[in-house]
Structure formats: structure tokens, C-alpha cells
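[1] Output the structure for:
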Amino acid sequence: MTSAVETEILLADNQQLRSELQDLLEQAHINQSIIERHQAFDLQLISASEFRELIETMLVAMPGTFNLECVTLSLLDQDYAIQRILRDLQIGLLEFRNLLFLPARIGLPASEHPEQPYLGEYQAATHAPLFPHYLPASVAILPLTRQNRLLGYLSLGSAHAERFTPQMATDFIRRLATVVAICLENVINNERLKHIGLTDPLTGVNNRRYIEQRLYEEVARGQRERSSLSCLFIDIDHFKRVNDQYGHQSGDDVLREVALRIKRELRLSDALGRFGGEEFVVLLTHATLEDAARIAERIRAGICNSSITIEGAEGGLLITASIGAAALTPPDRTRSAEDLKQTLLKQADQALYQAKESGRNRVMLAIPGSEALTPQQA
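    Numbering: from 1, shown residues only. All right, here's what the predicted structure looks like:
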């Protein structure tokens, strides 16, 4: 017969086993919840079809999903290609302060392989560029690679020193880095394809379709926000002579160089497009007619102040441009955005015509709400 002592021991063992089983079940539920949360987050990443949506998922949703104090995305963009796409998407570089751009890769400490994740203590000497707005205690730095090419880093920061340690398993971290890298490459490629469809292949600036679409959007925004909007119509003077005398290849070189000189005078929020032939249109956001006049004069001077090197022209070729400017200050809410867009373009075009008629190489301003024109001295 089983003694009372043995019975108590068996009961105690049974109770202990029940307790351990309960703990295991609770941990299993927690793990299942974590897995489901991670799977839901993966679906968010994968379903993001636009750059803004993907960035918001990573930089806004991820900290809450993984209980982190800070998440940053640092992209390698030496040729500014991604930043140009963001400008065209009207995503300001200050809109997401944890979206960063690096001139080159960084060296991750305590790692023999720079493409491997780093988990451990925050080291300012190396990690400061990845966390410019927050000082974490521990970090997980995930290099994002696709086809042996480093896209950038996804950096996770925690206020707790024990959150990320070198002893931690990296299976989940590696999987997250792979998913993010694939989604990032996919979205960037999609945006590049759209960008190509809205870009003039010769000069690399926006095409007419983009400018007209953007003008409509900015007019509508100006109506909502009561903000000013200006437009410049730019035409290269005597461009036909360039083609006739030096050939179309030289004419193409002039168009490319003029486009570059115009772009140098513009802000990130502005837009430049080739409207056709030797005509360019500039959209100036939050700009009055006075602002437009000042920028137009800088553009005019930038085009004509130095010669353009082309084949067959010893010492280069001096090029001038005529510019017409018009403004909506602010856009009339009683008219449609499409109607106002067409009016703005027409006024700028008429001002350009008057600049041509008045001797070229000058800026002419259209007075808002009238057909009057005001000359700017060249």
C-alpha cells in the first residue's frame, strides 16, 4: 500500500507538473500571439504598394508592434535617385525624420561579416548616424541586401540594455531583414517605373503629363490651404538656330544643360518639366508673384551667364532664355482646379510671348486676375 507520505509526494509532484504545464500553455499562447502579430506585420509590409505606405509601416507601425523606442531606415543613395523620386512623390525629407540617407555603408562593430545583423550595446562611434534623434541602450542593426547589393539598414533601438544582446538568436531578425529588403526593392522599382513614365527621356526632368497633373494637384491644395502658387514658362531664345547651325545633337546638349541650370535654382518642393521642344515649365509652391519674379531672374541669369560647351562652337555657345511668370495668390475657391490650372498656364504663356516680343532674354510678369503684364529688367 502507498503510504500517506508517498501520496503527498505524488500529489505535490502532480501539482508541480500541472503548474509547469500551465506555464507552458501560457507561454505557448504568448508565443502564438507573438507569431500572429509578426505575421500580421509581415502582411502589412508585403501589401504596401507605395513608398509612403511602406515607410509608414516600418517607421510608425513597427515600434508599437515590437515594443521599441525607435526604428530608423537608412538608405544608401549616393546618386540621389531615391531622393529625387521622393521629391516627385511630394514626400519631403523632413516628413519622416527617421528616414535617413547615407553617403556610404557603415562598418558594424564586432562583426566579421558586414552584411550580418548586429545585436548588442549601442556604440556611438558607429551607430550615431543611424540614430540621430534618439540614444538607445541596445540596438539591432539589420543590413538590407538584395542580390549581394546593400540597400541600407533597418535599425531597431531599445531603452533596455538587455533587449538586444550578441547571444540572442537571429533567426527572426534575419527573416525580418529579408522581408523588408524585398518589399523595399519592390516598392522602389515600382516607383521608378512610374517615374520613368512621367520623365522626359532627353533631359531627365519631368514631362508635360507630370507637370499638368502636379499643377492640378497643387492648385487644389492651394484652394484648401489658401496658399500661393506660381508658374514659370521658359523658352530658349533662337533655339532653332542652334539646331540649324550645329545639329540636333548639339541642340540636345543645350536642352540638357539648360534643364540642369534651371534645376539648380529650385527648391525640393518645386517641379520642373519639359513642356515640349525648347519650352520648360516650372511650378513654384507657396510662392507669390514676387517670389516667382526673383526665382525667374535667377534662372534667366544662370542660363545666360556662362557659355555651354558644344561640338563645333569654339569657346562654347552663349544661350539666353525668355521667361513668363504668373501666380495664384491664393487660388480662387469658386472656380474648378482644372480651370484655374489652365488659366495659370495661359497667363504664364502670354507673359512669355510678351517677353519674346520685348526683345528676349528677360522676365515678364502677369498680374493676377488680369491680362496686364509687368516687365522685369534683364
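[2] residue ranges of the strands in this protein, please?
    Assigned by DSSP state E, the strands in the chain fall at 70-76, 99-102, 118-121, 138-146, 149-158, 229-236, 271-276, 279-285, 321-328, 363-366, 373-376.
[3] Let me see the mean pLDDT of the last one.
    Pointing back at strand 373-376 there. Strand 373-376 shows a mean pLDDT of 59.
[4] Next: the second one.
    For strand 99-102, the per-residue pLDDT values average out at 90.
[5] gap between that strand and the chain center?
    10 Å (Cα atoms, centre = their mean, to the nearest Å).
[6] do the same with stretch 207-218
    18 Å.
[7] How about the contacts made by the most centrally placed residue in the chain?
    In the chain, the residue lying closest to the centroid (Cα atoms, centre = their mean) is Leu86, at 2.0 Å. Listed by Cβ atoms under 8 Å, 6 or more residues apart in numbering, the contact partners of Leu86 are 51, 92-93. All C-beta atoms are positioned from the backbone trio N, CA, C, and that covers glycine.
[8] Now with 10 Å, please.
    Residues counted as contacts of Leu86 (Cβ atoms under 10 Å, 6 or more residues apart in numbering) are 51-52, 55, 77, 80, 92-93, 95-96, 99, 101, 191, 268.
[9] are any of these buried, and which?
    51-52, 55, 77, 96, 99, 101, 191 (16 or more other Cβ atoms under 10 Å).
[10] Among those residues, which lie within helices?
    Mapping the buried ones among the contacts of Leu86 onto helices (DSSP state H) picks out 51-52, 55, 191.
[11] tell me the two of those residues that are most distant?
    Greatest spatial distance in those: Ile55 and Glu191, 11.4 Å, computed using Cβ to Cβ.
[12] Below-threshold pLDDT in the stretch 251-378 of the chain: ranges please.
    Counting by pLDDT under 70, the ranges of the stretch 251-378 of the chain that qualify are 368-378.
[13] at 80 instead, please
    Applying pLDDT under 80 to the stretch 251-378 of the chain picks out residues 268, 367-378.
[14] cool, and the stretch 51-200 of the chain?
    79-81, 84-85, 87-94, 103-115, 169, 192-196.
[15] residues contacting Thr288?
    Going by Cβ under 10 Å, 6+ apart, the list of residues near Thr288 reads 227-230, 294, 327-330, 368.
[16] Mind picking the two most distant members of these?
    Arg294 and Pro330, at 18.9 Å, using Cβ to Cβ across the contacts of Thr288.
[17] Settle it for me: which of these two has more neighbours?
    Neighbours were counted for Arg294 and for Pro330 using other Cβ atoms under 10 Å; Pro330 has more, 19 against 16.
[18] wouldn't that one be in contact with Glu225 here?
    Yes. Here Pro330 lies in contact with Glu225, judged by Cβ atoms under 10 Å, at a distance of 7.8 Å.
[19] list the residues that contact both of those two?
    Joint contacts of Pro330 and Glu225 (Cβ under 10 Å, 6+ apart) are His286.
[20] What's the local residue count around the residue lying closest to Leu268 once chain neighbours are set aside?
    Nearest non-adjacent residue to Leu268, counting by Cβ to Cβ, 6 or more residues apart in numbering: Arg87, 5.3 Å away. For Arg87, the count of nearby residues is 18 (other Cβ under 10 Å).
[21] Apart from its chain neighbours, what residue comes closest to Gly204?
    Ala259 (7.1 Å).
[22] Could you check how far Leu283 is from Leu229?
    Distance of Leu283 to Leu229, computed by Cβ to Cβ, to the nearest Å: 8 Å.
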